[in-house]
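Enquirer: the following comprises the amino acid sequence and a computationally predicted model.
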Amino acid sequence: MGNSVTIRKNQFKESADTVTFDILLQGEKKQGFLVWFEGVFKAYLNQCRHMEVGLDWQPNDFFDEDKKFIICSTHGALYSPKSGLCVAGPCKGQNLIKLSISERNEDIVIFIDEEGCLEDG
Ligand code: FES
């Protein structure tokens, strides 16, 4: 059984904005985040690929100083906001876990199901 989360696009004010949301994944409560970067929306699980910890410095604070990369607050891994690929740090070459999204007029709908809406890479 799947579930979805809907987020209004107008919550994003500028490039490198993020919005977090809670999801139920295989019976476990997890957090995801939707990022808007250079006109593109992407959703990921809020979990580093080095260790199973959240990425954000403070709630919903995911970006490095230059607002170019998502940065892990634990050991500083840098991830591309558009692809989720780790480009530097201990998990270089691995990808954030993506969540499937769909744009519907003024909304972004994020789909979570038990089977395959999570992609690795
Ligand atoms: S836990 Fe994220 S870089 Fe180590």
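Expert: Here it is on my side, so go on.

Enquirer: for G32, see how far away the residue nearest in space to the middle of the chain is.
Expert: Nearest residue to the geometric centre of the chain (CA atoms, centre = their mean): Y44, 2.6 Å. Counting by CB to CB, to the nearest Å, the gap from Y44 to G32 is 7 Å. Where you see a C-beta, it was placed from the backbone N, CA and C, and this is true even at glycine.

Enquirer: any residues in contact with both of these two?
Expert: Here Y44 and G32 have L99 as joint contacts, going by CB atoms under 8 Å, 6 or more residues apart in numbering.

Enquirer: okay, now the residue nearest to P81 when sequence neighbours are not counted: neighbour count?
Expert: Nearest non-adjacent residue to P81, counting by CB to CB, 6 or more residues apart in numbering: F37, 3.8 Å away. Residues lying near F37 (other CB atoms under 10 Å) number 20.

Enquirer: I figured F37 hits E14, correct?
Expert: No - between F37 and E14 there is no contact under CB atoms under 8 Å: 10.1 Å.

Enquirer: for this structure, what lies in contact range of the ligand?
Expert: Residues of the chain that fall close to the ligand, judged by CB under 6 Å from any ligand atom: C48, H50, M51, V53, C72, T74, H75, A77, G89, P90.

Enquirer: out of the residues you listed, which is most surrounded?
Expert: Top of the residues of the chain next to the ligand by neighbour count (other CB under 10 Å): C72, with 26 neighbours.

Enquirer: per-residue confidence at it?
Expert: C72 is assigned a pLDDT of 98 by the prediction.

Enquirer: which stretches of this protein form strands?
Expert: Under the criterion DSSP state E, strands of the chain are mapped to 3-8, 17-25, 28-37, 40-45, 70-71, 78-79, 86-88, 97-104, 107-112, 118-120.

Enquirer: how about residues contacting the longest one?
Expert: So the one you mean is strand 28-37. Under CB under 8 Å, 6+ apart, the answer for strand 28-37 is 5, 7, 9, 12, 15-24, 41-47, 54, 56, 60, 62, 70, 81-82, 99, 101, 108, 110, 112.

Enquirer: before we move on, the earlier item: please identify the deepest-packed of the strands of the chain.
Expert: Most buried of these, by mean neighbour count (mean count of other CB atoms under 10 Å): strand 70-71, with a mean of 24.
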